[in-house]
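>>> Structure of the sequence below:
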Amino acid sequence: METNADNKHKPGEQKLMEELNSLRSLIDTLPDYIYAKDTHGRFTLSNTTHTMHMGLASPEEIIGKTDFDFFPNDIAASFFADEQEIIRTGKPLIQKDEINTTLRGDTVRVLTSKIPIRDSRGNIIGIAGVGHDITSVSKMERNLVEVNAKLSATLNELKQSQEQIIRSERLRALGQMASGITHDFNNALTPILGYSDLLLNGPDILNDKNTAINMLTDIRTAATDAAQTVRRLSEFYAPARKAERKAVEINKLINSAVDLTRPLWKEEMAAKGANISIVTKLEEVGNVFGNESQLREALTNLIFNSVEAMPKGGTLTIRSYRKAPFTAIEVSDTGTGMTEDVRNRCFEPFFTTKQKRGGGLGLAMVHGIIRQHAGEIEIQSVDGRGTNVIVRIPETAVPV
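Here you go, the predicted structure:
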């Protein structure tokens, strides 16, 4: 017969059972290994994940057993020693990295945490443990190490390939630069050879002292400009030296460039059956501050380019005018012109449409010289209808 006291305690016991069942359901759904042991290392609780890890079908099968029933002696002894230390000192064990190999041969890597279990009086009556399986993480770490090793080997191969490519590109660049140097020196040698041939083949010219002196002056100027080219080329591999600058008369510079290039655009082109005339329209303009040799080289390069663009002859017009705060020079020809793509790329170093006849440094050098003089350069061109190059350089009040 049930007493009043029994009826009084039943609701409390039922609530406790419900909480225990809820707690049990919770730990059974967790993916970690959860278990409890008494002070002798005997299992008193095991969740579903831990039970399966031990190779058993139900948690009841593990109750009362120890790690020595599931693991080799050395591993089980290590677990037991850790737990006895916790029971002795009351200090928990937090996330110890363990390699567990069961008697069935299953090996896993587990991060284990263990804490003491105390009764109502504070006495330690066992331990509770949680194990987090990191076997997959360990495999990922090993795979990552292997991948890193392969990536390192691949990177070394890429570095070696890159070094080979760089060496090849350097050799190619040197070849292109040599071609460009040849082009620039041919420009400088043209007036030297042209006027020398005229003096040698026409000795009567020597009787005209003024004409002979003018030719010799142009030869000397061309040689001086060639020497300046060598100095600038040395700046590719030696520290740059500040170029000598002074006030330069633009109209005088234009006339000098026309005289220097005369052997090409007049005598040489006439010998090929192409008649080229140069027209100068020089207004009164201000001086510019710069290196005369560099500016003359830029102008002669523009003249040579225009002459080469008129293989069947034509007219080359050079203008000077003032457009404050610049002094402007225009070099216009009636030659073959440029396509839009060529016009957009013509200032790129080593870009050329002349096949074997050019190194692609002419306009790039012109562009560099004008920019060094704080100037601007613009190209207007229509394919088949000629080209107009406009150079603008800041004026200076410094007298010549």
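
>>> Tell me which stretches of the stretch 1-150 of the chain form strands.
33-38, 43-46, 93-101, 107-118, 124-133 (DSSP state E, counting those that start in this stretch).

>>> would you turn these into JSON lines with mean neighbour count and distance to Asn305?
Just so you know, the C-beta spots here come from the backbone N, C-alpha and C atoms, and that holds for glycine as well. Below are the strands of the stretch 1-150 of the chain laid out as JSON lines (neighbours: other Cβ atoms under 10 Å; distance: least, Cβ to Cβ, whole Å):
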{"stretch": "strand 33-38", "mean neighbour count": "20", "distance to Asn305": "83"}
{"stretch": "strand 43-46", "mean neighbour count": "21", "distance to Asn305": "91"}
{"stretch": "strand 93-101", "mean neighbour count": "14", "distance to Asn305": "75"}
{"stretch": "strand 107-118", "mean neighbour count": "17", "distance to Asn305": "74"}
{"stretch": "strand 124-133", "mean neighbour count": "19", "distance to Asn305": "76"}
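
>>> Throw the ones you listed into JSON lines and include mean pLDDT and distance to Thr315, thanks.
Converted to JSON lines, those look like this (pLDDT from 0 to 100; distance: least, Cβ to Cβ, whole Å):
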{"stretch": "strand 33-38", "mean pLDDT": "93", "distance to Thr315": "95"}
{"stretch": "strand 43-46", "mean pLDDT": "92", "distance to Thr315": "103"}
{"stretch": "strand 93-101", "mean pLDDT": "87", "distance to Thr315": "88"}
{"stretch": "strand 107-118", "mean pLDDT": "90", "distance to Thr315": "87"}
{"stretch": "strand 124-133", "mean pLDDT": "92", "distance to Thr315": "89"}
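
>>> any chance of these in CSV, with distance to Tyr195 too?
CSV is the format used below for the strands of the stretch 1-150 of the chain (distance: least, Cβ to Cβ, whole Å):
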stretch, distance to Tyr195
strand 33-38, 99
strand 43-46, 108
strand 93-101, 89
strand 107-118, 89
strand 124-133, 93
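
>>> Mind checking those strands for the one nearest to Gln162?
Closest to Gln162 of those is strand 107-118 (Cβ to Cβ; 39.9 Å).

>>> quick one: strands adjacent to the closest one?
With DSSP bridges as the test, strand 107-118 is paired with strand 93-101 (antiparallel), strand 124-133 (antiparallel).

>>> which residues are contacting that strand?
Surrounding strand 107-118, the residues in contact under the criterion Cβ atoms under 8 Å, 6 or more residues apart in numbering are 33, 36, 53, 82-83, 86-87, 90, 92-101, 124-135, 137-138.

>>> coming back round to it: can you check which of the strands of the stretch 1-150 of the chain gets nearest to Glu348?
Taking Cβ to Cβ as the measure, these were each checked against Glu348, and strand 107-118 came out nearest at 59.3 Å.

>>> between that closest one and strand 33-38, how many degrees?
What separates the directions of strand 107-118 and strand 33-38 is an angle of 50 degrees, with axes from the mean of the first three to the mean of the last three Cα atoms, to 10 degrees.

>>> I'd like the distance from strand 107-118 to the chain centre, please.
Average the C-alpha atoms of strand 107-118, do the same for its chain, and the two points are 50 Å apart (Cα atoms, centre = their mean, to the nearest Å).

>>> per-residue confidence for the residue nearest the centre of the chain?
In the chain, the C-alpha nearest the mean C-alpha coordinate belongs to Gln162, at 13.1 Å (Cα atoms, centre = their mean). According to the prediction, Gln162 has pLDDT 80.

>>> For Glu18, find the nearest of the strands of the stretch 1-150 of the chain.
Per Cβ to Cβ, nearest to Glu18 of those: strand 43-46, 18.0 Å.

>>> The closest residue to Glu283 other than its chain neighbours in helix, strand or coil?
If the residues on either side of it in the chain are set aside, Glu283 comes closest to Tyr321, at 4.7 Å by Cβ to Cβ, 6 or more residues apart in numbering. Secondary structure assignment for Tyr321 (DSSP: H, G, I helix; E, B strand; the rest coil): strand.

>>> And stretch 65-81, what's buried?
For stretch 65-81, the neighbour count (16 or more other Cβ atoms under 10 Å) marks Lys65, Thr66, Asp67, Phe70, Phe71, Ile75, Ala76, Ser78, Phe79, Phe80 as buried.

>>> Looks like Phe304 contacts Pro191 (just checking).
No - checked against Cβ atoms under 8 Å, the pair Phe304 and Pro191 is beyond contact range at 11.0 Å.

>>> which neighbours do the two share?
Looking at what touches both Phe304 and Pro191 (by Cβ under 8 Å, 6+ apart), the common residues are Thr261, Leu264.

>>> Between the two, point out the one with more neighbours.
Comparing Phe304 with Pro191 by neighbour count (other Cβ atoms under 10 Å), the higher total belongs to Pro191, at 24 against 21.

>>> Work out for me the element Lys159 sits within.
helix 135-201 (DSSP states H and E).

>>> Would you tell me what the next helix or strand after that helix is?
Per DSSP H and E, helix 135-201 leads on to helix 209-234 as the next helix or strand towards the C-terminus.

>>> helices or strands up against the helix or strand that comes right after that next one?
Read in the C-terminal direction, the helix or strand following helix 209-234 is strand 246-248, with elements assigned using DSSP H and E. Applying 3 or more Cβ pairs under 8 Å, 6 or more residues apart in numbering; DSSP states H and E, one finds that strand 246-248 contacts strand 287-290, helix 292-308.

>>> what's the distance between the nearest residue to Ala328 once chain neighbours are set aside and Ala374?
With Cβ to Cβ, 6+ apart as the criterion, Ala328 has its nearest non-adjacent residue at 4.9 Å, and that residue is Arg392. Counting by Cβ to Cβ, to the nearest Å, the gap between Arg392 and Ala374 amounts to 10 Å.
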